[in-house]
Every structure is written in C-alpha cells, then in structure tokens.
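*Asks:* Quick one, fold the following:
(2 chains)
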Amino acid sequence: MIALPAPKPEILARRDAILADLARLLPADSVIGETLRLRPYETDGLAAYRQIPLAVVLPRTTAEVAAVLRYCHANGIRVVPRGAGTSLSGGALPLADAVVIGLMRMNTIREINYEDRYAIVGAGVTNIGITKAVEGDGFFYAPDPSSQLACMIGGNVMMNSGGAHCLKYGVTANNLLGVTFVTIEGEVIEIGGTHLDAAGYDWLGLITGSEGQLGLVTEVTVRILRGPEGARAMLAAFSSVEIAGAAVDAIIGSGIIPVALEFMDRPCIHACEAFAHAGYPLDAEAMLIIEVEGSVAEQDMLLDRIRGICAKFDPISMKVAESAEQSAAIWKGRKGAFGAVGRISPDYLCMDGTIPTGELPHVLKRISEMSAQYGLGVANVFHAGDGNLHPLIMFDANDPDSFRRAEAFGADILKLCVEVGGCLTGEHGVGVEKRDLMTTQFTRAELTLQRAIKSAFDPEWLLNTAKVFPLDDNPKIAA
Amino acid sequence: MQTNFTAEQLRDPDTAESNRILRTCVHCGMCTATCPTFLLLGDELDSPRGRIYLIKDMLESGRPASELEVRHVDRCLSCLSCMTTCPSGVNYMHLVDHARTYIEETYKRPWPERMLRGVLARVLPSPKLFRLSLKAAALARPLEPAIPGQSMLAQRLRGMLALAPKALPAPDPMQEAQVHPAEGERRGRVGLLTGCAQKVLNPEINAATIRLLTRMGIEVVITPGQGCCGALTHHMGQHERAMAAARANIRAWSAEIEGQGLDAIVVNASGCGTTLKDYGFMFREEPDAEDAARVAGLAMDITEVLEKFAYAPTRDEPAMTVAYHSACSLQHGQKITALPKQLLARAGFKVKEPAEGHICCGSAGTYNILQPAIAGQLRTRKLENIRRTKADVIAAGNIGCMTQLAGDAMPVVHTVQLLDWMAGGPRPEGLDGIG
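*Replies:* Numbering: from 1, shown residues only, chains lettered A, B, ... in the order given. Next up is the predicted model:
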C-alpha cells in the first residue's frame, strides 16, 4: 500500500468547525461531511487506493472555488481537486485531512464560436459533452480518452489527457487555448485566451498536466475542429502479439499517419467483444484497429496501402468497416476496454507507459514473460501508433498477496518503459500510482527543480500534496 | 472491486448475489455519465457508482440503513441507463433491488412517508381502489394550486393531483378474464398481462393490443387470477407484497401453459415487462422456481410478439411524424431499442428520435410521486428534446412514461395504438386533424 503523508492533527481536531465554515461559504447542499456519505469519495478510477477525506465540497462557480481555496490556504488545510473521479493513477485520491473540491457541478458550456473555432466550457463538462455540443454543426473536440463519456475537461487539462485520435490531432495541450486558473491563495487568473499562443512565459504549457499541484482550473477554452469528410476503421488480426507489434512499427515507419492505430491482445479482444459485439476476430492473438479519414478516395488509398503493409505480416484476417454503425461498434469495444476487463477479472491495474514504437515487439514479449513470472494475467490494449502502452494487470483485490504482486509487476513494466528509452506515463499522469517511480525517470537535480516550481505556486504544499513527487526529502509532507 | 463480507453474511443468497455483482464493478466511473440524477445533481452520491459504494458499505457493515443512504438510494430512478453504459456488465438492477428491500427491512421512515408508501403499495396495484382514488383526485384537482409550501409533502400532493387525469375512461369489459379468439386461421395463442394502473388509466392500450393480435390470427387469453406484475411494490422494496403478486401471476399462467399452452405472454407496459422477465431470478430460491423461469422465458414485449408474427400494415402511409420515446424499461431493462422504431417505420410513419434518448423522463414507477422535484426537471428536459423533433405525436411503450409526458401540446399514444390503426384498427383518439 502506498504511503500517504501524516494528517495534520490540528486540522483533524478542528473538523466540525471547518465543516461549519465551509457550509457558510457555500450555498446549501454543497458540503458533505458525514463519514457515511464521504466514503464513496474515498477513491477514483484506481480503486485499490482509498482514503476518506475530511470533507467534500461541490462548488458551482469560480468564485465559490476561490472562496474555498482562500479559506483552506488561510487555515493550512490541504486540498484535493476532483473531476469525474475516473483517474487511473489515483490523481483524485483524498487525504484524511484534506478538503476534496469536486468540480462536476461546473458543467455548463458558456460559449461556442465557430468562426474562430473555440468553445469555453466549465471544468465539469465531460470530454464528449464538448463534441456533442458542436457535432450537429460539423465540429468536434479532438482528444478522446477512452473514458471520454465520463471524464471531465478540467481533469483532462490537469492530466494532459490523450486518447486514440491523438496520433493525428495531438493531446490536450495541443488543443487548449486558455484556462481560468485559481491559485491556492484564491486569486483568479486568466491564462491564454481564445487565440493561439500567448505573450510571456508559456503558463498554459506549465499548467497543462500539472496534476492539481499548482492550482485549480475552473473554466477551459478549447479549440474545436471541423470534422473530417468521413472516416473508416479496419481490423487486422495477427497470430502473435510480437507480429502485430512489428506491423505497427511498419505502418508508422512507412510514413502513413492513420488517425488512430490501436492494439488489443487476445484476452482483451474477448472481453470487449462480449460487451460491444463488434465482430472482433476471436481466433487472433492480437488485433489492430486502424482508422483513416478524409474523402472516400483518400480513405481508399490509405486503407489499400495499410492492407498492403499488414499483408506482409501474414494476417489471420483483415476487415474494413462497411458502415458507420460497424465503425461505431468497433470503437465502442475499444473505448470500453478497461471496464470490459472487469468481465474476466474482478480487478485490474491499468498501466500507462510510453515507448518508442520500434521497441513494441521486445516490450510486449517481456511483459508476457513477466506475466508468467508474477503468476498474474495481463490484457494489453493501447495506443500503438504513439507507443502508449496500457497493459491491464489482472488481480483479485480480495487477495492481498495478488495485489502486492500486481503492484510489483506494474512497477517492473514502467521501469522497462524507461529502460528502452520511453517514459513512465503517456496520458494518465503520475498521480499517486507512479509517484515513487519518478526517481527512475528523473535525476535528483531534475526533481529538485520541479519541486521548486511547485513551491513557487504553493509554498505550503497544500495542493494535491501526496501526488507526483516521492514523499521523502520533503519536510512539508513527511509520511 | 474489493469486498469485505464474512462467510456468515455470504450464506444469505441475496448477499452472495450482491457480492458477486460488486466484484464485477471495477469503479471505472463510466456509469456516472449517463445517470439522470448525476446529470442534474452533480454529486457522486447521486450516481450509480456512488450508490454502489453506499450500498456496498451498508451491506458489508450489516448495520441498519440510515437516512443518509436512503436519501441517495431513493433518488435512483431504477432507469438502468447505467447498465447499458457499464462495460463490465454490473447487474445494478439486482443490487439496487436488494438494497431497497434491505432498507425497507431495517429503516423506519418518518410517518408521512410510511403512510404515502403504504397507500401507493395498496392502491396502485388494485384497479378498483385506484379508480376510486383517481375519481377523488379529479374532485380535488382544483385545489392543486392552493396547496402551499415547498415541503416534500406539499410537492408530492401537488404532483399527484397534477398527474391524475381530468376525466377517467369507462372500464372496458374486453380487459376482463376471457379468451379473445383469433380471426381466421389461428396462428398462435398468447397470454396478455392486462396490468393494474394501465387498465384504469388507458384501457385503449389493451384494446388495441387485443384487436391487432386477434386480427393477425392470434388468440389472446386473459387468464383469471392474474393481476399486478409486482413491479411497483418491488421497486419500493416491499419484497413480500411483490412476491405475492408475482406468484399469483405465475400460478395463473402456469395453469394456462399446462392447459392449452401459450406461445408467449404479451406485455404492453414495458415497466412490467422488465419485472416479468426477471421472475426467474426473483424466485430462484423458491419452490416454484421452475414455473417462474418458464413464465419469464415466455414474457415478451408487444413489439417482440408483433415481429415474431410478422406484423404488416394494411392502410396507406399516414403523413405523420412520430417522436419515438424509448422507455427506460424497454431500452435499458429489456435492451429493445431498434424494434419499435422499425415497426413504426414499417407501418408508414416517419420516425424521429429525440436527443438524449437514453435519459429517463422521470416517470419511473412511483418516482414522479415520491421525488416530484427531480421528476419534474427530467420531464421538462425530455419534453424540450421531444419538441425539437417537430413531430406530430409521441409514441411510447410504457403507460408510466405516457402519463408523465401527457399534458403538453403534443399528443401521446402507445406504439401499439399506432400499429393497430395502420393494420385496420381505429384512429387513436387525440390524433384528429393530424397527418
């Protein structure tokens, strides 16, 4: 179990008074303080780690968020921001002495501008909610994490989320124009705007992916793009995981950039097919979902070339979606993949590392060897085009030993990613999950510099305290 | 997800089932996005994942339910939208049903609440009592705006009076126990659940069903001894009452199945259909488990039966656009989504689907009486989406939704009424001058 900082006894002792103060700051029904009702907030998408917070507040406006932060700052109370609570790295894991600020009520869309192609939305608007609001007019918001149905744009900014279509369109950072940012002192700052680029330091770049360490984002201005003329997905099935990995490398190596290039192995294919009924090849050891877009002629040309490349790897089958419904079913399976693994295992740890695509066959082989060594199943599903791996380690949370092995297995996978020249995280953030592995990726000097940036924004380390950095060497957050 | 039940607790079959369901949940949070109450209230506790967590904690601890859990479980519509969304296949329906029964057994509600629930559980399933109380409500209807205050009681009283129809149709003897013989050569023989509240509120639904099926060569049997399916009390956690109602039906239909036989048991109120199809599970530990499973296996929504017997229209296409309202019990509970729209299109209607079709209209059994504020917001939201379709008429497959959506500019009919009309039946009331 991961270590959390010791709660501040003086804060725990003042619990009732703090709850009363918060209730005065906010409208009725905005503060949760009873242990029974706090429990569902004790965890997020990484359910293995749990901690009941001191309180949960559900503000509706930036001014309310600022008031809560100002109060917490003045009283030395730690704060944990929360969006939809879908983080797979434990980004919203509470602390016993912390106030959780849930942003899900800030779910209104303030402005849509087609001429200049932007939308200004509350932090609690779901990722897909943005696309839903503009798709009738032929537009979309590009980054599409698999949890896009539920996850919220505020959390996407904080984790710099990606998604299947980021291969072509980039991650959150590449699709962001501005944010309303609230500091721990409760000051409201507008960063960026409705245009590309901004004067001075790249504050937006700093804040995107800062995991709630520097401040809270309450409103977000995103770029919206005109949708492509059309898109088509194809499935290519292979007889081994390594061969499919080699096919990915060949496609990317040929210079083609499909809009999405996704990988699934056998266990994952079976679980997802049971959920989505998409016609996935159940006889395959590995499968690629490859999507291209553009005019019909462009799609045909690209699909022909991709089929030609796949053919060199002796595929079991190749199938191009014949209708929009078939494409939708293919994506429904992929987007539901993590949850669908719940059909074959009571629990999973979803890893998130990035590697150079040339290393795919080697890394996949090593993962399957480790799976045998740890005695735990693994289902692989990931954004193969950009080398962003998501091995799902299957375990049984009712068996503590199985959980310990899963954690060790996961750490080994991430160390392997760094070892082959990759990175600890692709899009889920470091959170609490990968916090202690940061020393594998960064030198002491690099970490010191990063901590100095955190301290500049939040000298008392009140914001999402236990995340991102190892707890040791830090007097502010002794474990 | 990790659970903490003792071996002793797991000996109880309901707890064992709930444990199994909880172990399927991986806490991914997808369900929150399509939950109507989370959409409106923005609190994890009013989302499926939050409720699952509350229920897990309540069942594991074995402590009596408290107001804190009850508040959030009561706000659940049981629309089962979460089950359509869930990639892991969590059976939220059986979990929340267990929680509702647990609450009913261990929590003492304040007396006005107990009284209201007691009255609803007794009156709604009994056509006689329901008819009487609707007549009384019609008399009291002018008082509705005069009821003061924003208390739950005042809201509920106003809500109930607003829901009560201005005029009540006369009882239709067609719905009483009898056999309606097939016209021409007999192609099949089905039982019909005539229901309880629907029978009183809108006898035309059963009449259209009987007319259409018999015209298609299907004998329709209304068995003596059948009554309310048990759904209304089941969703209020009144387990024994629900089981008694269900058992009476199982006996009635089993006698019929063993006698002249049945090809199907037709249900034209999808809320009831979801429960009938679940009889096998509800009776899994009972001596009559086999009979219950057989009845559940024969239960079919009217649209499924029409498809099975190859429904075909006989009239010319009407120039009419239908907004198809997908009842939650049909789309989420029974996973019947495309079929009603296909049948309506086959009958010649132009079919439109409102935006947010997966979100509940707020009817949800007795929900619009017990949770009037949330139900009202959902109704407004639904009607706005329906209006945007610019259709002529709303079609739905469930009397609850029909009552909830009535009273706006657009007329509301049952899908089977439109299908019957196009196959030679009368034009449904309220559609004069359209198309």
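*Asks:* tell me the domain boundaries of the chain?
*Replies:* You didn't say which chain, so I picked chain A. Following automatic domain parsing, chain A resolves into domains at A:9-102, A:109-226, A:231-335, A:339-419, A:435-465.
*Asks:* Switch to chain B, please.
*Replies:* B:7-106, B:117-163, B:173-307, B:313-422.
*Asks:* Let me have those domains in TSV, extended by mean pLDDT, distance to A:Ala250 and mean neighbour count.
*Replies:* C-betas here are computed from N, CA, C, even on glycine. Shown next, in TSV, are the domains of chain B (pLDDT from 0 to 100; distance: least, C-beta to C-beta, whole Å; neighbours: other C-beta atoms under 10 Å in any protein chain shown):
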stretch	mean pLDDT	distance to A:Ala250	mean neighbour count
domain B:7-106	97	31	21
domain B:117-163	88	64	15
domain B:173-307	97	47	21
domain B:313-422	96	40	21
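*Asks:* out of those, nearest to chain A?
*Replies:* The closest of the domains of chain B to chain A is domain B:7-106. By C-beta to the nearest C-beta, the value is 2.9 Å.
*Asks:* Quick one, which of the domains of chain B gets closest to A:Ala286.
*Replies:* domain B:7-106 (20.2 Å; C-beta to C-beta).
*Asks:* Which residue lies nearest the spatial centre of the chain?
*Replies:* You didn't say which chain, so I picked chain A. A:His428 (3.3 Å; C-alpha atoms, centre = their mean).
*Asks:* Not quite, go with chain B.
*Replies:* Centre-nearest of chain B using C-alpha atoms, centre = their mean is B:Gly271, 1.8 Å out.
*Asks:* Give me the nearest residue to it, chain neighbours excluded.
*Replies:* B:Ser329 (4.5 Å; C-beta to C-beta, 6 or more residues apart in numbering or on different chains).
*Asks:* Also B:Asn385?
*Replies:* B:Pro354 is the one closest to B:Asn385 (C-beta to C-beta, 6+ apart), at 4.1 Å.
*Asks:* circling back: isn't the residue nearest to the centre of chain A right up against A:Leu46?
*Replies:* No - A:His428 is beyond contact range of A:Leu46, at 9.0 Å (criterion: C-beta atoms under 8 Å).
*Asks:* Next, the distance between the ends of stretch A:54-66.
*Replies:* For stretch A:54-66, the first and last residues are 19 Å from each other (C-alpha to C-alpha, to the nearest Å).
*Asks:* And the average pLDDT for it is what?
*Replies:* Stretch A:54-66 shows a mean pLDDT of 98.
*Asks:* the longest helix in the chain is where?
*Replies:* If you meant another chain, say so; for now it's chain A. helix A:400-419 (DSSP state H).
*Asks:* You answered for a different chain; I wanted chain B.
*Replies:* For chain B, the longest helix by residue count, based on DSSP H, is helix B:239-258.
*Asks:* For that helix, name the packing helices and strands.
*Replies:* Contacts defined by 3 or more C-beta pairs under 8 Å, 6 or more residues apart in numbering or on different chains; DSSP states H and E place helix B:239-258 against helix B:92-106, strand B:188-193, helix B:231-234, helix B:279-282, helix B:289-298.
*Asks:* what about 7 Å?
*Replies:* Counting contacts by 3 or more C-beta pairs under 7 Å, 6 or more residues apart in numbering or on different chains; DSSP states H and E, helix B:239-258 packs against helix B:231-234, helix B:279-282, helix B:289-298.
*Asks:* Could you say which one of those helices comes nearest to B:Gly89?
*Replies:* Across these, B:Gly89 has its closest neighbour in helix B:279-282 (14.9 Å, C-beta to C-beta).
*Asks:* what's that closest one in contact with?
*Replies:* B:94, B:243, B:246, B:250, B:292-293, B:295-296 (C-beta atoms under 7 Å, 6 or more residues apart in numbering or on different chains).
*Asks:* thinking again about what came up before, report all helices and strands that the longest helix of chain A contacts.
*Replies:* Helices and strands touching helix A:400-419, by 3+ C-beta pairs under 7 Å, 6+ apart, are strand A:353-354, helix A:360-374, strand A:391-395, helix A:438-441.
*Asks:* try 8 Å
*Replies:* Using 3+ C-beta pairs under 8 Å, 6+ apart: helix A:400-419 touches strand A:347-350, strand A:353-354, helix A:360-374, strand A:391-395, helix A:438-441.
*Asks:* mind giving me a markdown table with these and columns for mean neighbour count and distance to B:Pro171?
*Replies:* Converted to a markdown table, the helices and strands packed on helix A:400-419 look like this (neighbours: other C-beta atoms under 10 Å in any protein chain shown; distance: least, C-beta to C-beta, whole Å):
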| stretch | mean neighbour count | distance to B:Pro171 |
| --- | --- | --- |
| strand A:347-350 | 24 | 56 |
| strand A:353-354 | 24 | 69 |
| helix A:360-374 | 18 | 68 |
| strand A:391-395 | 25 | 59 |
| helix A:438-441 | 16 | 75 |
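*Asks:* which stretch among the ones you listed comes nearest chain B?
*Replies:* strand A:347-350 (6.5 Å).
*Asks:* if we can go back for a sec, let me see the contact set for the residue nearest to the centre of chain A.
*Replies:* A:87-89, A:159, A:161, A:350, A:352 (C-beta atoms under 8 Å, 6 or more residues apart in numbering or on different chains).
*Asks:* What's the PyMOL line that selects buried ones from those?
*Replies:* Remark: buried members of those, expressed as a PyMOL selection using 16 or more other C-beta atoms under 10 Å in any protein chain shown:
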select buried, chain A and resi 87+88+89+159+161+350+352
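*Asks:* Okay, and which of the contacts of A:His428 map to strands?
*Replies:* A:Cys350 (DSSP state E).
*Asks:* that older thread, the longest helix of chain B: how far from the chain's middle?
*Replies:* Chain-centre distance of helix B:239-258: 18 Å, with C-alpha atoms, centre = their mean, to the nearest Å.
*Asks:* Same check on stretch B:175-183?
*Replies:* Stretch B:175-183 has its C-alpha centroid displaced from the chain centroid by 24 Å (C-alpha atoms, centre = their mean).
*Asks:* before we move on, what about stretch A:20-37?
*Replies:* Centroid displacement of stretch A:20-37 relative to its chain, using C-alpha atoms, centre = their mean, is 29 Å.
*Asks:* export it as PDB, just CAs?
*Replies:* Provided in PDB are the C-alpha atoms of stretch A:20-37 (Å, rounded to 0.1, in the frame of the first residue of the first chain):
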ATOM      1  CA  ALA A  20     -19.300  24.700   9.600                       C
ATOM      2  CA  ASP A  21     -17.100  27.300   8.000                       C
ATOM      3  CA  LEU A  22     -17.300  25.700   4.600                       C
ATOM      4  CA  ALA A  23     -21.100  25.400   4.900                       C
ATOM      5  CA  ARG A  24     -21.200  29.200   5.500                       C
ATOM      6  CA  LEU A  25     -19.000  29.900   2.400                       C
ATOM      7  CA  LEU A  26     -21.200  27.900   0.000                       C
ATOM      8  CA  PRO A  27     -24.900  27.500  -0.900                       C
ATOM      9  CA  ALA A  28     -26.900  24.800   0.800                       C
ATOM     10  CA  ASP A  29     -26.200  21.100  -0.300                       C
ATOM     11  CA  SER A  30     -22.600  21.900  -1.300                       C
ATOM     12  CA  VAL A  31     -20.700  20.400   1.600                       C
ATOM     13  CA  ILE A  32     -20.500  16.700   2.600                       C
ATOM     14  CA  GLY A  33     -19.200  15.900   6.000                       C
ATOM     15  CA  GLU A  34     -20.700  12.700   7.300                       C
ATOM     16  CA  THR A  35     -18.400   9.700   7.200                       C
ATOM     17  CA  LEU A  36     -21.000   7.600   5.500                       C
ATOM     18  CA  ARG A  37     -21.500  10.000   2.700                       C
END
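*Asks:* Understood, closing this out.
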